[in-house]
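J.: sequence first, predicted model second:
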Amino acid sequence: MRHLIDPLDLSREETGRLLALAGEILDKPRDFAHCCEGKILATLFFEPSTRTRLSFESAMLRLGGQVLGFSSAQSSSAAKGESVADTIRMVSVYADIAAMRHFKEGAPFVAARYSKIPVVNAGDGGHQHPTQTLTDLFMIQRSRGKIGGLTIGLCGDLKFGRTVHSLIKSLVRYEGVNFVFISPGELRAPGYILKEVVEPSGHPWREVRKMEEVMGELDVLYMTRVQRERFFNEEDYVRLKDSYILTPEKLRLGKPELAVLHPLPRVNEIDQRVDEDPRALYFEQARGGVYVRMALILALLGLAPGILEEA
Amino acid sequence: MLNIDSIENGIVIDHITAGRGMRVYELLELHKLDTCVAIIKNARSSKFGRKDIIKIEGVGDVDLDVLGFIDDHATVCVIRDGKILEKKRPRLPQRLVNIVSCKNPRCITSVEDVDQVFYLCGGEEHRYRCQYCEQLLSEEV
């Protein structure tokens, strides 16, 4: 039995097959509409998250399966002090697969050790969010036809953004990726990501302060939110925030085939006027997330043979 | 020069980096022993200038993983009948299980009763990460 706790739990080959299946489902959803009849997904959300939970639920319902679960720790037995280990032991009796979001980092890892059913990490604190990473990879693949051989700009909060760290760890497994990190000095990618992940990979990388400097070179621009509370003082925030807001004027400098992605929710880092540009793919990306989760559910339930290697 | 009697049967942990002797004592839980234990701090060393030494009477072995984690420069001499029977060098362990605790308040180990596990992620720099939250172990050893 396999789980998905860290994006790197899947080999590059497995990831490739999973994304291909997600593409097949997206193209022919009816062919998969009854694949999970009689199967139940448990959504164990100890922390609220509307989009991720609905995306998992939508995925299971579109496969013909059913869904049960809770959407906050208060409405779960955790409020009575039940351990993660005991919770998943019980859920293993009620469902065939579980998606868990937890405010404690490593909670899904613990759950997987005690579970009798596949566990998917749907976000654990500021740590990992592997289905978001798969969604990001899916959208890069879908929009550019490949993942390797691209110049990928990651923009905004590269220090605290968990989606960025997971994405970088996954992208280094593809040949020819050229990284451009666009962030204020205060929100640079952490030293360990550069030292333990990017540098050993041998991929070219550089850091810049303004997206205008590199816009014309990028094949993919992955935007993240620059949050006010991350700055030490208001002056710095006001001084820096505009450098990390994507506007139609800045987008004009980009290639015609540029793909603009964002894990959402977006606040003000992408001007709403950009939404109309065909290169703005972030809503399409969120839609893709449903198909990625459909493919993952099928693979983990053993209903799509050949996607995952035996554990 | 302070003299501590040599031991007949037991273990001498030698060449401990000066200042780490007490940490070795704590993590090896030597306070739980009811045999004679001596800690010598800042002993003269021809190799390192100064070193700490721990002598433990009546014990046949120590956890080399724990010792390797705290100080992989140390040497362990097993003494039998007043003579050195064996010399061992601890290695940096690949995993630390229930030796140190994760300090990340957001880590699941702060609320769930599970083993505290760290894995070696950078051998040269002695870097360990929590198996659950991947937080770097920042404990001063």
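T.: Thanks, I have it.
J.: please make it C-alpha for all contacts and neighbour counts, starting now.
T.: Will do.
J.: from the chain's centre, how far out does stretch A:197-211 sit?
T.: The chain centroid and the centroid of stretch A:197-211 are separated by 20 Å under C-alpha atoms, centre = their mean, to the nearest Å.
J.: meant to ask about stretch B:111-118
T.: The answer for stretch B:111-118 is 21 Å, by C-alpha atoms, centre = their mean.
J.: CA atoms only: put it into CSV for me.
T.: Provided in CSV are the C-alpha atoms of stretch B:111-118 (Å, rounded to 0.1, in the frame of the first residue of the first chain):
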residue,chain,number,x,y,z
VAL,B,111,1.5,16.6,20.9
GLU,B,112,1.6,13.0,19.7
ASP,B,113,3.3,10.2,21.7
VAL,B,114,5.7,8.9,19.0
ASP,B,115,9.4,8.2,18.8
GLN,B,116,11.6,11.2,18.3
VAL,B,117,13.5,10.4,15.1
PHE,B,118,16.1,12.5,13.3
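J.: for the lengthiest helix in chain A, buried residues please.
T.: Taking DSSP state H as the criterion, chain A has its longest helix at helix A:282-300. For helix A:282-300, the neighbour count (16 or more other C-alpha atoms under 10 Å in any protein chain shown) marks A:282, A:285-286, A:288-300 as buried.
J.: so who does residue 40 touch?
T.: Because you didn't say which chain, this covers chain A. A:M60, A:G65, A:Q66, A:V67, A:L68, A:Y94, A:A95, A:D96, A:I97 (C-alpha atoms under 8 Å, 6 or more residues apart in numbering or on different chains).
J.: chain B, not that one
T.: B:G21, B:D52, B:I53, B:I54.
J.: helix/strand/coil for the second one?
T.: When you say that, I think you mean B:D52. Of the three states, B:D52 takes strand under DSSP: H, G, I helix; E, B strand; the rest coil.
J.: mind checking how far A:L251 is from chain B?
T.: 36 Å (C-alpha to the nearest C-alpha, to the nearest Å).
J.: moving C-terminal of the lowest-mean-pLDDT helix or strand in chain B, what's the next helix or strand?
T.: Ranked by mean pLDDT, DSSP states H and E, the helix or strand of chain B with the weakest confidence is helix B:64-70, at a mean of 88. Of the helices and strands lying after helix B:64-70 in sequence (DSSP states H and E), the nearest is strand B:75-80.
J.: partners of the helix or strand following that following strand, with directions?
T.: Going down the chain from strand B:75-80, the next helix or strand is strand B:83-88, by DSSP H and E. Looking at strand B:83-88 with DSSP bridges, its partner strands are strand B:75-80 (antiparallel).
J.: which ones, among the buried residues of helix A:282-300, also lie beside chain B?
T.: Judged by C-alpha under 8 Å from any C-alpha of the partner chain, the overlap between the buried residues of helix A:282-300 and the neighbourhood of chain B is nil.
J.: max pairwise distance over these: which two?
T.: A:Y282 and A:L300 (26.4 Å; C-alpha to C-alpha).
J.: report the central residue of chain B.
T.: B:L67 (2.6 Å; C-alpha atoms, centre = their mean).
J.: how much space between that one and B:H73?
T.: Distance of B:L67 to B:H73, computed by C-alpha to C-alpha, to the nearest Å: 9 Å.
J.: what residues are shared contacts of those two?
T.: B:P90.
J.: in contact with the spatially closest residue to B:C36 that is not a sequence neighbour, which residues?
T.: With sequence-adjacent residues excluded and distances taken as C-alpha to C-alpha, 6 or more residues apart in numbering or on different chains, B:C36 is closest to B:E57, at 5.4 Å. B:E57 makes contact with B:I7, B:E8, B:N9, B:G10, B:I11, B:T35, B:C36, B:V37 under the criterion C-alpha under 8 Å, 6+ apart.
J.: next, the fifth one: secondary structure please.
T.: Going by three-state DSSP, the secondary structure assigned to B:I11 is strand.
J.: bridge partners for it, pull those for me.
T.: Residues in beta-bridge contact with B:I11 (DSSP bridges): B:I56, B:V78.
J.: all strands of chain A, in order?
T.: A:40-45, A:66-70, A:97-102, A:119-124, A:151-155, A:178-182, A:205-208, A:220-223, A:259-261 (DSSP state E).
J.: quick one on the thing from earlier: and the least confident helix or strand of chain B, how far out from the chain's middle?
T.: 4 Å.
J.: name the nearest residue to A:Y291, sequence neighbours excluded.
T.: A:A22 is the one closest to A:Y291 (C-alpha to C-alpha, 6+ apart), at 5.1 Å.
J.: list the contacts of the one you found.
T.: Contacts of A:A22 (C-alpha under 8 Å, 6+ apart): A:Y291, A:V292, A:R293, A:M294, A:A295.
J.: could you export those residues as TSV, including distance to A:I168?
T.: Compiled in TSV, those are given as follows (distance: C-alpha to C-alpha, whole Å):
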residue	distance to A:I168
A:Y291	22
A:V292	19
A:R293	20
A:M294	24
A:A295	22
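J.: can you list those residues in a markdown table and add pLDDT?
T.: What follows is these, written out as a markdown table (pLDDT from 0 to 100):
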| residue | pLDDT |
| --- | --- |
| A:Y291 | 98 |
| A:V292 | 98 |
| A:R293 | 98 |
| A:M294 | 98 |
| A:A295 | 98 |
